[in-house]
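Colleague: this is the structure alone, sequence omitted:
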């Protein structure tokens, strides 16, 4: 039962028990300071119809029915990279929807007479049957999976940075183009991904706070999302979406020289202090781990600046463009990496319209990079935006705000953190950090 004050405002909103008549204000059910006034969590898991065997020692939080933070999906995504350089295994994978029903070698002979083998007709039935069996064993798990969690970005970087035409197929097609002449000293190569296939898998969920970028293995954050089943699942819901993208690789030598500058090092200390404060606020230990460094900051900032410019002409809304940052120093396994992929993927034909790839051609990309950098010199919120360098702030961002660099939640890998316009071009506050100047 709700009771209101004389003015009709909800400041006196309270709940009265119809049985005993006791009354409590709703304000006492919200806020961390009132957590001790709520009953303890019983560890009940309604979606599994059981109780957590380990119990629950976390404080209870009150949520409004239908609140958006009741359930956040934990989704892992990766670009499907063809690993089979031989043509036959790749063709079998591309035509698996048909070949999965083949149970004997003689069926392939019948399919050959009907002309259903397509490009595979140049191989013998024995060779195709062996490839089909190998594919079936891989899908069934008879070929053991790696014991450790696989590194998803290292294979992607290898394929994008070292173009191999033998890997091109129906769902994956790359085409290198000449880097823009104006930025040829800073950008080593540009590769257009005319066709991409992204796989997204739902592995669990969280409550209260979105896992988001916290699931990135580079952040070294141990996360335990809510399980989807009582026992460890043998499969999870997944979806395939197709799209296109632009891959840009920075000049490693010049980037290393820029990172060695004194001003850049001092800026990195500011980011590191904000990074630690951000982790302390969220009780993530140890706070000093998972810092991506200034290498990531410049790649991330450049990706956001370019995405905001490309979305004006590519035909896709801003929320449809996404980024993948490849940032690792030489001393880390799989490094050095210094590149980015701006791509779009959709479950329908929207992801393969070609509007994004067309902007990656040499002349067009040079124009858009120039527009992106020019837009970064002055922000509508300057000078406040350019002066945003409070090391005690928990946002881990410097000269960046919604008016100049922030992107939609679905587009950014790191929740609009580790961004700084000053590392790209001169701003009204700093002129000694600009990489492109």
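Modeller: Thanks, I have it. Please read all numbers here as calculations on a predicted model, not as lab measurements.

Colleague: output the lowest mean pLDDT helix or strand found in this protein.
Modeller: Ranking every helix and strand in the chain by mean pLDDT, DSSP states H and E puts strand 2-3 at the bottom, with a mean of 43.

Colleague: helices of the stretch 201-350 of the chain, start to end?
Modeller: 252-259, 262-281, 293-310 (DSSP state H, counting those that start in this stretch).

Colleague: could you tell me the least trusted of these?
Modeller: Mean pLDDT is lowest for helix 262-281 out of those, coming in at a mean of 88.

Colleague: for the stretch 51-200 of the chain, what spans make up the strands?
Modeller: 72-79, 173-177, 187-206 (DSSP state E, counting those that start in this stretch).

Colleague: so can I have CSV of the ones you listed showing distance to residue 96, mean pLDDT and mean neighbour count?
Modeller: Heads up, the C-betas are built off the backbone N, CA and C, glycines and all. Listed next are the strands of the stretch 51-200 of the chain as CSV, based on distance: least, C-beta to C-beta, whole Å; pLDDT from 0 to 100; neighbours: other C-beta atoms under 10 Å:
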stretch, distance to residue 96, mean pLDDT, mean neighbour count
strand 72-79, 18, 82, 17
strand 173-177, 18, 93, 15
strand 187-206, 13, 89, 19
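
Colleague: adding distance to residue 264, write those strands out as JSON lines.
Modeller: Formatted as JSON lines, the strands of the stretch 51-200 of the chain follow (distance: least, C-beta to C-beta, whole Å):
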{"stretch": "strand 72-79", "distance to residue 264": "30"}
{"stretch": "strand 173-177", "distance to residue 264": "30"}
{"stretch": "strand 187-206", "distance to residue 264": "19"}
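
Colleague: closest to residue 191 out of the helices of the stretch 201-350 of the chain?
Modeller: Proximity to residue 191 (C-beta to C-beta) singles out helix 293-310 among the helices of the stretch 201-350 of the chain, at 14.8 Å.

Colleague: against which helices or strands is the closest one packed?
Modeller: helix 252-259, helix 262-281, strand 321-328, strand 337-346, helix 362-377 (3 or more C-beta pairs under 8 Å, 6 or more residues apart in numbering; DSSP states H and E).

Colleague: return the distance of that helix from the chain's centre.
Modeller: From the chain centre to the centre of helix 293-310 is a distance of 14 Å (C-alpha atoms, centre = their mean, to the nearest Å).

Colleague: repeat for stretch 67-85
Modeller: 8 Å.

Colleague: quick one: buried residues of stretch 41-58?
Modeller: Counting neighbours by 16 or more other C-beta atoms under 10 Å, one finds that stretch 41-58 has no buried residues.

Colleague: model confidence over that stretch, on average?
Modeller: The model assigns stretch 41-58 a mean pLDDT of 82.

Colleague: got the contact list for it?
Modeller: Contacts with stretch 41-58, where a contact means C-beta atoms under 8 Å, 6 or more residues apart in numbering, come from 40, 59, 60, 226, 227, 229, 230.

Colleague: ok, back up a step: which among the strands of the stretch 51-200 of the chain is found nearest to residue 153?
Modeller: strand 72-79 (8.4 Å).

Colleague: the closest one pairs with which strands, and in what direction?
Modeller: strand 187-206 (antiparallel) (DSSP bridges).

Colleague: re earlier: of the helices of the stretch 201-350 of the chain, flag the one that's most buried.
Modeller: helix 293-310 (a mean of 24; mean count of other C-beta atoms under 10 Å).

Colleague: that helix versus helix 262-281: what angle between them?
Modeller: Angle of helix 293-310 versus helix 262-281, following axes from the mean of the first three to the mean of the last three C-alpha atoms, to 10 degrees, is 90 degrees.

Colleague: quick one, helix 293-310 and strand 337-346 angle?
Modeller: 40 degrees.

Colleague: so where is the protein shaky, pLDDT-wise?
Modeller: 1-15, 17, 83-86, 140-150, 211-223, 346-353, 389-396 (pLDDT under 70).

Colleague: which residues are in contact with residue 304?
Modeller: Counted by C-beta under 8 Å, 6+ apart, residue 304 has contacts 323, 400, 405, 406, 407, 412, 419.

Colleague: reformat these as TSV; add neighbour count and secondary structure.
Modeller: Converted to TSV, those look like this (neighbours: other C-beta atoms under 10 Å; DSSP: H, G, I helix; E, B strand; the rest coil):
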residue	neighbour count	secondary structure
323	21	strand
400	28	coil
405	25	coil
406	17	coil
407	22	coil
412	23	coil
419	27	coil
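
Colleague: so what's the backbone phi/psi at the nearest residue to residue 419 once chain neighbours are set aside?
Modeller: In space, and not counting its chain neighbours, residue 419 is closest to residue 400: 3.7 Å by C-beta to C-beta, 6 or more residues apart in numbering. Main-chain dihedrals, residue 400, degrees, to the nearest 10: phi -160, psi 140.

Colleague: also residue 123?
Modeller: Per degrees, to the nearest 10, the backbone of residue 123 is at phi -100, psi 160.

Colleague: roughly how far does the residue lying closest to residue 319 once chain neighbours are set aside sit from residue 200?
Modeller: Leaving aside its chain neighbours, residue 319 sits nearest to residue 408 (4.2 Å; criterion: C-beta to C-beta, 6+ apart). Relative to residue 200, residue 408 is positioned 17 Å away (C-beta to C-beta, to the nearest Å).

Colleague: thinking again about what came up before, thought the residue nearest to residue 319 was touching residue 318?
Modeller: Yes - Residue 408 is within contact range of residue 318, at 5.6 Å (criterion: C-beta atoms under 8 Å).

Colleague: isn't residue 174 up against residue 161?
Modeller: No - taking contacts as C-beta under 8 Å, residue 174 lies outside contact range of residue 161: 10.6 Å.

Colleague: find the residues that touch each one of these two.
Modeller: Common neighbours of residue 174 and residue 161 (C-beta under 8 Å, 6+ apart) are 191, 247.

Colleague: what about the residue nearest to residue 319, neighbour count?
Modeller: Neighbours of residue 408 under the rule other C-beta atoms under 10 Å: 15.

Colleague: need the three-state assignment for it.
Modeller: Using DSSP: H, G, I helix; E, B strand; the rest coil, the structure places residue 408 in coil.

Colleague: what's the answer for residue 360, then?
Modeller: coil.

Colleague: backbone phi and psi for it, please?
Modeller: The phi/psi pair for residue 360 (degrees, to the nearest 10) is phi -90, psi 0.

Colleague: any idea how far residue 343 is from it?
Modeller: Residue 360 is 11 Å from residue 343, by C-beta to C-beta.

Colleague: for these two, list the residues in contact with both.
Modeller: Common neighbours of residue 360 and residue 343 (C-beta under 8 Å, 6+ apart) are residue 246.
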